[in-house]
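> Below: sequence and its predicted model.
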4 protein chains.
Amino acid sequence: MNSAERVRAAAVKLFAAKGFHGTGIRDLAQEAELSSATLYHYMGTKEDLLVEIMTTALRRLLDAAGKATPEHGDPMVRLRTLVALHVLAHAVQPGETRVVDNEVDALSAPARARVVALRDEYEQRWAQIIEDGVESGAFHTDRPAVTRLALLEMCSGVARWYSPRGPVRLDELATHYAELALRALGHPATVRAEDLRHCMDVVAQVWDLPVQPGN
Amino acid sequence: MNSAERVRAAAVKLFAAKGFHGTGIRDLAQEAELSSATLYHYMGTKEDLLVEIMTTALRRLLDAAGKATPEHGDPMVRLRTLVALHVLAHAVQPGETRVVDNEVDALSAPARARVVALRDEYEQRWAQIIEDGVESGAFHTDRPAVTRLALLEMCSGVARWYSPRGPVRLDELATHYAELALRALGHPATVRAEDLRHCMDVVAQVWDLPVQPGN
Amino acid sequence: MNSAERVRAAAVKLFAAKGFHGTGIRDLAQEAELSSATLYHYMGTKEDLLVEIMTTALRRLLDAAGKATPEHGDPMVRLRTLVALHVLAHAVQPGETRVVDNEVDALSAPARARVVALRDEYEQRWAQIIEDGVESGAFHTDRPAVTRLALLEMCSGVARWYSPRGPVRLDELATHYAELALRALGHPATVRAEDLRHCMDVVAQVWDLPVQPGN
Amino acid sequence: MNSAERVRAAAVKLFAAKGFHGTGIRDLAQEAELSSATLYHYMGTKEDLLVEIMTTALRRLLDAAGKATPEHGDPMVRLRTLVALHVLAHAVQPGETRVVDNEVDALSAPARARVVALRDEYEQRWAQIIEDGVESGAFHTDRPAVTRLALLEMCSGVARWYSPRGPVRLDELATHYAELALRALGHPATVRAEDLRHCMDVVAQVWDLPVQPGN
DNA sequence: AATGAATGAGTCTTCATTCAT
DNA sequence: CATGAATGAAGACTCATTCAT
């Protein structure tokens, strides 16, 4: 890992653990094993670093969502895929996603606008799928917007507690959440690991993970 | 509202909006309409203020949970009550709960230990009810711990988006979430507003809210 | 002299001696006998301090010019008065005027615009008098604009070398420069100290100087 | 223009425009289109660069003064020549002269001593000519030292406003200032462009300018 | 009860300069 | 000849906190 990567990794780790305002430039320097002046060879301002982390994470998520879920088709299939994708993304890069979820308020107005636009674009996918499913009679909920927010929060929460060293494998996690979401939407289907194979492949590709069968 | 209350309210608002580290003593003073020196008549250190806010919020939640849900009895009833309580608490005092959820890392070690102990005590109630429900056959989930965390995150998320000025009334919100939770646990029951009457009374009492029928 | 005044005096002294960029906040603090943090009770930013010094100095000069020289009347009388005023101002507050003359480039664009506007307003007085004198035949110069700039630079230069502890008294200085200027404009008049009495009174009043006869 | 020259030109431009302390090594590098590390192939320290610019400019001025004005002879002729030379030097290399005039305070003590010695040597020429003129009855002033300083400031000021793209040609400028100076010294002579021919030739030679008749 | 004044330690960031490549 | 990488010191400015009044 070179210096630039070390800086970025340090920022993700510390911003996630202590928050943007709780992380000093000296903390970053120490974590990246550089002097605080050298840090500035590899970054603009501290905020630039935050923006870069956030936009990269969100772009990857959007990219993965585009690759994993078709625009049209069975809402149940699309939803379970999107849920699995979201959960896996949060389990696989908990640092980045915690930063995205918690530090939006630390951004200056123009940067915040850009980040929020990306996030809204992503959430629109959820809204569309739920709407389609309700229309087709696959999903049952009398407050689709509330349900969408509830499911999003439920899935994002994974980043706050999941550990790959715990007893739950990634495919189990994804399967479980996909099923929770379908149940919450009043859909009777059961989700099996093989239903999410393509989704896991996309995740492995977008986030440069070694394919680990049974993970 | 007297000075001491204004300080507390300012802290809740700003800690929730900008984070503990993102909020300066001068911000607090301005929000509370006091000089920064005067602030120190009504508080100890900035961290003391944070600790007080967190422990008060958690104690109230525990208190309310004790009053609203019996130790034993039908797990379905207990769960829907606890979910409703949790959701209402987060909707009614979003500032406090966001602080509790987001700023634990800002605490020094000893203070953090105390706060986490309270939070664990509260979460243990969720664990117990889910365990009881699974044992009795009321709930169906093969990963009770995962499900518990998923539901908790889902319900806590309310503090991040709910607004009393939006189209969703509090009783609708509570009912909706209670039903989402039961569905996720594989329970067929439907939840109606009158099922949560007692719970709403407890909330109104514990958080000193005027009882607003139809809210 | 209270703290706020000490800060201002320190800034004038050091900005004049070492330039704005050459003066550190710590230099100011040391000169004002305050800690560098305490400095910020009495000022905004370092640039605010500079702007305040400049605008105050220019406003005083404009004020004095308004009081000492009539809008109309004999150009020779008006010119010798304005020259004397300018020279005295530069001799009496050399720090302020050196800052005004040398540090305009250190200002940010909006602040610079304001300061330059004041300076232009002042220089317009010179232009008007010279124009009037040329028109009336009192002055002779085939490049009034060049002559104006030459005289202004000549007079402003006083701030760079004059010392009240030297052999030249203030009234001698003013008389001498007034005569130099009239000669340069091809006017035969001789200037005597009593011609400048009113002008010196205005200076004493605008800059809060004790009236020192024979100075 | 090679790299070394580009560095020097960048320094003159930026030191003149923003001051020594207001100019960073990175500014110089950008202006010279080099990396900041490469800069150090062509210079010693930043201060060395400043000293070199100052001493070169002053040496040229001294050199030109030696070539243009005889040690003895008619004070009027010598003065008008020296004034013309000074004005032309300041008009032709305004950057260098502004640096010399404004940045002496930025020098360390030993460097300052050397630069000031050169400047004093040059000013001594002015003093000598004025003294000779007063003695011979050609000039009339009761404060020769004050007059000398006034004239020097007047002439040096040219560097602060003259532009070759304006309406005033160099020979006009020189003629005008020479006449202003003579008038200020009470001398009745009129100065014509051809009186300064030799002086302009010397300037063209010392500063490597293409001889542009009518400039 | 309230606050203006004060500050040491801290903030993020830039400085001029060096050096291995 | 050229430069990316590196840094200790310094830059301006803010921090949470205390205390005399």
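Everything's here; your move. Residues are numbered from 1 along each chain as shown, chains lettered A, B, ... in the order given.
> Low-confidence ranges, chain A, go.
A:211-215 (pLDDT under 70).
> Specify the residue ranges that define each domain of chain A.
Per automatic domain parsing, the domain ranges recorded for chain A read A:1-43, A:45-206.
> hey, which of those is tucked in deepest?
Counting by mean count of other Cβ atoms under 10 Å in any protein chain shown, domain A:45-206 has the highest mean neighbour count of the domains of chain A, with a mean of 19. The C-beta positions use only the backbone N, C-alpha and C, and glycine is treated the same way.
> ok, it near chain B or not?
Yes. If you take Cβ under 8 Å from any Cβ of the partner chain as the test, domain A:45-206 does meet chain B, through A:102, A:105-106, A:142-143, A:146-147, A:149-158, A:160-161, A:168, A:172-173, A:176-177, A:180, A:183-184, A:186.
> picking that back up, please identify which of the domains of chain A is closest to residue D:198.
domain A:1-43 (56.4 Å; Cβ to Cβ).
> Quick one: end-to-end length of that closest one, please.
Using Cα to Cα, to the nearest Å, the end-to-end distance of domain A:1-43 comes to 16 Å.
> What are the contacting residues of stretch A:49-62?
For stretch A:49-62, the surrounding residues in contact (Cβ atoms under 8 Å, 6 or more residues apart in numbering or on different chains) are A:7-8, A:11-12, A:15, A:20, A:43, A:85-86, A:89, A:93, A:96-97, A:99-100, A:103-104, A:106-107, A:111, A:114-115, A:118-119, A:121-122, A:206-207.
> Run the contact check for the longest helix seen in chain A versus DNA strand E.
Taking DSSP state H as the criterion, chain A has its longest helix at helix A:109-136. No. With Cβ under 7 Å from any atom of the strand as the criterion, DNA strand E is not reached by helix A:109-136; the gap is at least 12.2 Å.
> Check the secondary structure at the closest residue in space to residue A:146 that isn't next to it in sequence for me.
In space, and not counting its chain neighbours, residue A:146 is closest to residue B:176: 5.6 Å by Cβ to Cβ, 6 or more residues apart in numbering or on different chains. State at residue B:176, reduced to three classes by DSSP: H, G, I helix; E, B strand; the rest coil: helix.
> And residue B:176, how close does it get to DNA strand E?
41 Å (Cβ to the nearest atom of the strand, to the nearest Å).
> Show me the helices in chain A, by range?
With DSSP H as the criterion, chain A has helices spanning A:3-18, A:25-32, A:36-39, A:46-68, A:75-92, A:94-102, A:109-136, A:144-156, A:158-161, A:170-184, A:197-206.
> what's the distance between the residue nearest to residue A:146 and chain D?
59 Å (Cβ to the nearest Cβ, to the nearest Å).
> same deal with residue A:163?
Distance from residue A:163 to chain D, by Cβ to the nearest Cβ: 45 Å.
> Next: residue A:40.
Counting by Cβ to the nearest Cβ, the gap from residue A:40 to chain D is 12 Å.
> In chain A, what residue comes closest to DNA strand F?
residue A:37 (2.9 Å; Cβ to the nearest atom of the strand).
> what separates the longest helix of chain A from the chain centre, distance-wise?
13 Å (Cα atoms, centre = their mean, to the nearest Å).
> repeat for stretch A:132-143
25 Å.
> now swap in stretch A:61-68 and tell me
For stretch A:61-68, the distance to the chain centre is 11 Å (Cα atoms, centre = their mean).
> Nothing else from me, thank you.
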